[in-house]
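Asker: predicted model, plus sequence, below.
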Amino acid sequence: MDKASLIGLIIGAVCLGIACHHTCHGNWGMFYSSEGVLLVLGGSVSVIFMSMPLDKVMSLPGYLKKFMFNSGLQATEVIQLMNTLAEKARRDGILALESETASIKDPFLAAGMKMAIDGVDPGAIEGVLRMEVLAMQERHKAGKKFFDLVKVYGPGWGLVGTLIGQLGMFGKLATADIGELGAALMLAVGATLYGAFIANAVAGPMGEKMALKSGEEILGREMMIQGILSIQAGDNPRITLDKMLAFIPSPGRAKFRQAV
């Protein structure tokens, strides 16, 4: 579970709930406009289907899972694991790592280590792993694109709802029926509210978190590639560790060097 995402959701929900409660005094129905929901949600969905292939749209559960849960190893975990593998390979030989690959949870790292143990050419190993990283980047781009579309076009559909509500108000000015004018105004304001909410409280933050996680996962994959090639080349474990530490900020390197 991504605790930061959960904390953000809770804080946002609490703040919104308190503000709305103080405004409506328990009459929550005043915030609901069926026409506004139809325009903003329905319009955003229509934009997604028009802009993305169907298989990418159907991957929404995976995008949400990516937002709420951490996938892959953290940088510190990669360093610790690669350092352990390097020391064992130096001490017992790279073939001794064959028993370790079954316990490696990350499929990318496990596949790379198996190729290294089997004696596959380093250039071929690097080529295969980098192609997998490239494919992963494209999948991540599709996830961010999904939320970016909602972020951009959700408020746009909210504006459409606002204009429709205003036109309705102008059309009813002749009768000056306060109820009809209020309903038209509710559509105008409600659609703007829904569009702003879906862009700034939902789609925008989710897209940014996915982009950040994508960068972290790519960094972790690059660390694994360098570690695998270093182990296969028979480098001293200290050299392998230094290659890993090059990927993290300087303040975090000291504790790993002290542990060696």
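Answerer: All right, it came through fine.
Asker: where do the strands of this structure begin and end?
Answerer: Counting by DSSP state E, the chain forms no strands at all.
Asker: domains in it, as residue ranges please.
Answerer: 1-31, 33-76+121-259 (automatic domain parsing).
Asker: can you list those in TSV and add distance to residue 110, mean neighbour count and mean pLDDT?
Answerer: The C-beta positions use only the backbone N, C-alpha and C, and glycine is treated the same way. Putting the domains of the chain into TSV (distance: least, C-beta to C-beta, whole Å; neighbours: other C-beta atoms under 10 Å; pLDDT from 0 to 100) gives the following:
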stretch	distance to residue 110	mean neighbour count	mean pLDDT
domain 1-31	23	11	86
domain 33-76+121-259	10	17	87
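Asker: which of those domains sits closest to residue 99?
Answerer: The closest of the domains of the chain to residue 99 is domain 33-76+121-259. By C-beta to C-beta, the value is 14.9 Å.
Asker: that closest one: how far from the chain's middle?
Answerer: Distance, stretch centre to chain centre, for domain 33-76+121-259: 5 Å (C-alpha atoms, centre = their mean, to the nearest Å).
Asker: on that earlier part again, would you turn the domains of the chain into CSV with distance to residue 90?
Answerer: Below are the domains of the chain laid out as CSV (distance: least, C-beta to C-beta, whole Å):
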stretch, distance to residue 90
domain 1-31, 36
domain 33-76+121-259, 5
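Asker: now do the contacts for residue 204.
Answerer: 147, 151 (C-beta atoms under 8 Å, 6 or more residues apart in numbering).
Asker: how about 7 Å then?
Answerer: Residue 204 makes contacts with residue 151, as judged by C-beta atoms under 7 Å, 6 or more residues apart in numbering.
Asker: measure it to residue 210 for me?
Answerer: 11 Å (C-beta to C-beta, to the nearest Å).
Asker: equivalent analysis for residue 220, please.
Answerer: 15 Å.
Asker: the protein: helices as residue ranges?
Answerer: Taking DSSP state H, the helices of the chain run over residues 3-24, 34-37, 43-51, 54-57, 60-68, 75-92, 98-101, 107-117, 122-171, 178-197, 204-232, 237-245, 254-259.
Asker: before we move on, back to that, which of the domains of the chain sits closest to residue 85?
Answerer: Smallest distance to residue 85 across the domains of the chain (C-beta to C-beta): 6.0 Å, for domain 33-76+121-259.
Asker: ok, the most centrally placed residue in the chain - contacts?
Answerer: By C-alpha atoms, centre = their mean, the mean C-alpha position of the chain lies nearest to residue 210, the distance being 1.8 Å. Residue 210 makes contacts with 63, 66, 67, 140, 143, 144, 147, as judged by C-beta under 7 Å, 6+ apart.
Asker: turn the residues you listed into CSV, columns for distance to residue 118.
Answerer: Shown next, in CSV, are the contacts of residue 210 (distance: C-beta to C-beta, whole Å):
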residue, distance to residue 118
63, 35
66, 31
67, 37
140, 29
143, 33
144, 36
147, 40
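Asker: what's the closest of those residues to residue 17?
Answerer: Using C-beta to C-beta, the contacts of residue 210 come closest to residue 17 at residue 67, 21.2 Å.
Asker: ok, that closest one touching residue 209?
Answerer: Yes. Counting by C-beta atoms under 7 Å, residue 209 is a contact partner of residue 67 at 5.8 Å.
Asker: common neighbours of these two, please.
Answerer: Residues touching both residue 67 and residue 209 (C-beta under 7 Å, 6+ apart): residue 5.
Asker: contacts only, for residue 94.
Answerer: 116, 117, 231, 232.
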